[in-house]
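[1] Here's a sequence, model it:
(one chain, ligands or ions: 2)
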Amino acid sequence: MENNSTPLIEIESLTQIFGNTPEKVLPKVNDGMSKSDVLATTGHTVGLRDINLSVNRGEIFVIMGLSGSGKSTLIRHFNRLIDPTAGKIKVEGEDILTLSPKELIQFRRHKMSMVFQHFGLMPHHCVLDNVGYGLSIQGKKPSIWKNKAKQWLEVVGLEGYEDQYPSQLSGGQQQRVGLARALCTDAEILLMDEAFSALDPLIRYEMQTQLIELQGKLQKTIIFITHDLDEALRLGDRIAVLKDGEMIQVGTSEDIILNPVDDYVRDFAKDVNRAKALKVKHIMERSKNRVIDCDSAEGLADAFKKHDILVWTKSNQLQGVVSKNRLAAYQAGRIDSPLLHQSSVKEKDYLQTVLPIALLADHHLLPVLDSDNQVIGCLSNDAIAEVLSPSFDAA
Ligand SMILES: Nc1ncnc2c1ncn2[C@@H]1O[C@H](COP(=O)(O)OP(=O)(O)OP(=O)(O)O)[C@@H](O)[C@H]1O
Ligand SMILES: [Mg+2]
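    Ligands and ions are numbered 1, 2, ... in the order given. The predicted structure follows:
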């Protein structure tokens, strides 16, 4: 229990300065001197500045940011491909900066595997050997690692390429070899640096789907770098945004879309297809103000003093949506039912799937149900229209 609630990875006050004497430059960086001023006055590059983050077990944690913002630099600290100028990196509570060289080798072999931005394959080894390398150096028998490597090559769609060499493959194929290699080691933590960037859109989408399925099945913890916000939104439980080596926002997809902290994040989020990225639960009215429970439609009369349209439930079972006019017509005997409609949506539905329902005539309000089919609030067309308008920003 305690193990699951403590973060798997914790990064504390991590700073990385590139240059000949980073320790001498550190005080200036700590004092807040800008990246460009540090470069101009000292010739050092601020790679990362005072990064604090934690990654939970089993989550897909996405790191985004423009080219040069420090994404690769940050992920390379997780398995100590580089050591920080200052700060701490803890995995399962253990400070990995204190690992001896031997322990570090074990840690890299068993705990984390990485898919590199530029593939990082061994050119003089065939595809099968590249994929099985991690297991072979763990001391597994060739019959075992070869078999497993074959299976992962199938998963990434490269069956039949076992004996080819990396240079004989396209960029996208090499990237998939890198992915198969990382998955083949059984490491609990996967570090993926732009792991899908060389893939064409169709295969990229397929790989994302596979990664999500795999994560669900194997409960891996994945740190995933991407430039592409659509990819980030699809994969990420949480998304961190880097700018000039600083972490400027960490949040869920909807935080990033609806509450960007500044223009840099807003720019990332502006072209996102919100209908595809946001769910009903993100914009619904969660209060029961417009959900009235009573035995007969007549019981709604009081609530109609404040609202023109309401969701009616009877013993907490959804009856339908009723409007003031419709109820009046029903009471006057002009129509047979007080209900405007009986449609509803689920809180987990993407806006995209509820749009056709919402657009139907008279559906100004839709009841929202949870996974137990209980009414938990309502969704208005106004809320949908507002969030889908290009200028909308909750902040
Ligand atoms: N070994 C190094 N020596 C000096 N500077 C470096 C080194 N590695 C990275 N940097 C600098 O650190 C900053 C961040 O680089 P990094 O490669 O982490 O960016 P990135 O966000 O991964 O970019 P991209 O999207 O292009 O891959 C850049 O300013 C870069 O010039
Ligand atoms: Mg990079």
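
[2] domain ranges for the chain?
    Following automatic domain parsing, the chain resolves into domains at 2-111+187-272, 281-388.

[3] for the shortest one, the distance to its chain's centre please.
    Using C-alpha atoms, centre = their mean, to the nearest Å, we find the averaged C-alpha position of domain 281-388 to lie 32 Å away from the chain's own average C-alpha position.

[4] With the longest one instead?
    Computed by C-alpha atoms, centre = their mean, the separation of domain 2-111+187-272 from the middle of its chain amounts to 12 Å.

[5] The chain against ligand 1: which residues are in contact?
    By the rule C-beta under 6 Å from any ligand atom, the part of the chain lying against ligand 1 is 18, 45, 47, 65, 67-73, 117. Glycine gets a C-beta too; all of them are placed from N, C-alpha and C.

[6] try 5 Å this time
    Selection of the chain residues close to ligand 1 by C-beta under 5 Å from any ligand atom yields 18, 45, 47, 67-73.

[7] Weed out the non-buried ones from those residues.
    Buried by 16 or more other C-beta atoms under 10 Å: 18, 45, 47, 69-73, out of these.

[8] and the two most separated of the residues of the chain next to ligand 1?
    Farthest pair in these (C-beta to C-beta) is Phe18 and Ser67. Separation: 16.0 Å.

[9] Quick check: the gap between Ile222 and Leu359.
    Taking C-beta to C-beta, to the nearest Å as the measure, Ile222 falls 37 Å from Leu359.

[10] For these two, indicate the residue with more neighbours.
    Legend: neighbour count by other C-beta atoms under 10 Å for Ile222 and Leu359, higher for Ile222 (24 against 10).

[11] As a check, name the ranges of all strands in the stretch 151-300 of the chain.
    With DSSP state E, counting those that start in this stretch as the criterion, the stretch 151-300 of the chain has strands at 189-193, 221-225, 238-243, 246-251, 291-293.

[12] In TSV: the ones you listed, plus mean pLDDT.
    Formatted as TSV, the strands of the stretch 151-300 of the chain follow (pLDDT from 0 to 100):
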stretch	mean pLDDT
strand 189-193	94
strand 221-225	95
strand 238-243	96
strand 246-251	96
strand 291-293	95
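
[13] In this structure, where is pLDDT below threshold?
    Low-confidence segments of the chain (pLDDT under 70): 1-5, 361-363, 391-395.

[14] Ligand 2 contacts on that one?
    Within the chain, the positions lying close to ligand 2 (C-beta under 5 Å from the ion) are 71-72, 117.

[15] Return the subset of these lying in helices.
    Secondary structure from DSSP state H places 71-72 of the residues of the chain next to ligand 2 in helices.

[16] and the residues of the chain next to ligand 2 as JSON lines, adding distance to Asp228?
    Listed next are those as JSON lines, based on distance: C-beta to C-beta, whole Å:
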{"residue": "Lys71", "distance to Asp228": "12"}
{"residue": "Ser72", "distance to Asp228": "16"}
{"residue": "Gln117", "distance to Asp228": "14"}
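
[17] Determine the longest helix present in the protein.
    Longest helix of the chain, by residue count under DSSP H: helix 201-218.

[18] re the thing from before, tabulate the strands of the stretch 151-300 of the chain (TSV), appending distance to Ser54.
    Shown next, in TSV, are the strands of the stretch 151-300 of the chain (distance: least, C-beta to C-beta, whole Å):
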stretch	distance to Ser54
strand 189-193	13
strand 221-225	11
strand 238-243	10
strand 246-251	9
strand 291-293	37
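
[19] I'd assumed Leu351 was in contact with Lys281.
    No: the pair Lys281 / Leu351 is not scored as a contact, 10.5 Å apart, by C-beta atoms under 8 Å.

[20] The two - which one has more neighbours?
    A count of neighbours by other C-beta under 10 Å puts Leu351 above the other of Lys281 and Leu351, at 23 against 17.

[21] Return the residues in contact with the more buried one.
    The contact partners of Leu351, taken as C-beta atoms under 8 Å, 6 or more residues apart in numbering, are 274-276, 278-280, 283, 384, 387-388.

[22] any idea how far the spatially most central residue of the chain is from Phe78?
    Centrality entry for the chain: nearest residue to the mean C-alpha point is Gly236, 0.8 Å, by C-alpha atoms, centre = their mean. The gap separating Gly236 from Phe78 is 16 Å, by C-beta to C-beta.

[23] circling back: list just the nearest of the residues of the chain next to ligand 1 to ligand 2.
    Ser72 (3.1 Å; C-beta to the ion).

[24] need the contact list for the closest residue in space to the closest one that isn't next to it in sequence.
    Distances taken as C-beta to C-beta, 6 or more residues apart in numbering put Asp193 closest to Ser72, at 5.5 Å, once the chain neighbours are dropped. Contacts for Asp193 (C-beta under 8 Å, 6+ apart) come out as 71-72, 75, 114-117, 225.

[25] one more time with 7 Å
    72, 75, 115-117, 225 (C-beta atoms under 7 Å, 6 or more residues apart in numbering).

[26] Quick check: the farthest pair among those?
    Within the contacts of Asp193, two members stand farthest from each other by C-beta to C-beta: Ser72 and Val115, at 11.8 Å.
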